[in-house]
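Trainee: Turn this into a model:
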Amino acid sequence: WKNENATRRLIYAWKEHKDDFKSGKFKSSDVWKKIAIILQNENSQWMHTGIQCENKFKELRKKYVKVKDHNNQSGNSPATCKFFNELEEVLGAKSCVAPVALASNLKKRSASTSSQNSDVENESDKKCEKKKVRKTRVQKELGEWSASLREDAKHREEARDRRHKEIISVSDRAITAYTNMMEKLINKF
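Mentor: Predicted coordinates:
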């Protein structure tokens, strides 16, 4: 993706086909292939696969959302990213970028701001929804391993406490026996 015009065209091609992504009539991979063909037809040097187009757009959207989040935080200096204006035009009103509602402990917003928020799409974009995070096999094994280590440590601690109590008990019996013997010796004299 060395050519900036190809990236710009990718952004606008996504905008032209965003309804195809939502409709459910097409698989998203097929839509990305269609976008790749559009790019190739416009310039023969723009040879990208559908997967490359999808990955590039995801990367652009991720950077854009990161910049928007940064700029929406109070006290941060304004930040920007490459193709920010194009992405703002295409993604600016999406619910994953401009949320429908905000929770805050600040004073109420003016009526004009809340009316702008009500104009935002009510349907949540499937791409913006957070997916349930599934643990990888390594994470599961790591969790099992750490649980096993905790269990072993617990058993070692219990064994140490048991040995300590046994030593105290033996010491108490030895002291009692010593005391009894000393009393008998003292009583003889």
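
Trainee: and residue 26, helix, strand or coil?
Mentor: Following DSSP: H, G, I helix; E, B strand; the rest coil, residue 26 is assigned to coil.

Trainee: swap in residue 78?
Mentor: Here residue 78 is coil, with the state taken from three-state DSSP.

Trainee: can you check the one 4 residues further on too?
Mentor: At residue 82, secondary structure determined by three-state DSSP is coil.

Trainee: Just after the lowest-mean-pLDDT helix or strand in the chain, pick out the following helix or strand.
Mentor: Within the chain, confidence by mean pLDDT, DSSP states H and E is lowest for helix 111-118 among all helices and strands, at a mean of 49. Downstream of helix 111-118, the next assigned helix or strand under DSSP states H and E is helix 137-188.

Trainee: Quick one: mean pLDDT over that next one.
Mentor: Helix 137-188 shows a mean pLDDT of 93 in the predicted model.

Trainee: Tell me the helices and strands packed up against that helix.
Mentor: With contacts defined as 3 or more CB pairs under 8 Å, 6 or more residues apart in numbering; DSSP states H and E, helix 137-188 has no helix or strand neighbours. Any C-beta I mention is one placed from the backbone N, CA and C, and that applies to glycine too.

Trainee: Show the contacting residues for the spatially most central residue of the chain.
Mentor: With distances taken as CA atoms, centre = their mean, residue 133 lies nearest the centre of the chain, 7.9 Å away. By CB atoms under 8 Å, 6 or more residues apart in numbering, no residues touch residue 133.

Trainee: gap between it and residue 139?
Mentor: Using CB to CB, to the nearest Å, residue 133 is found at 10 Å from residue 139.

Trainee: Thanks a lot, catch you later.
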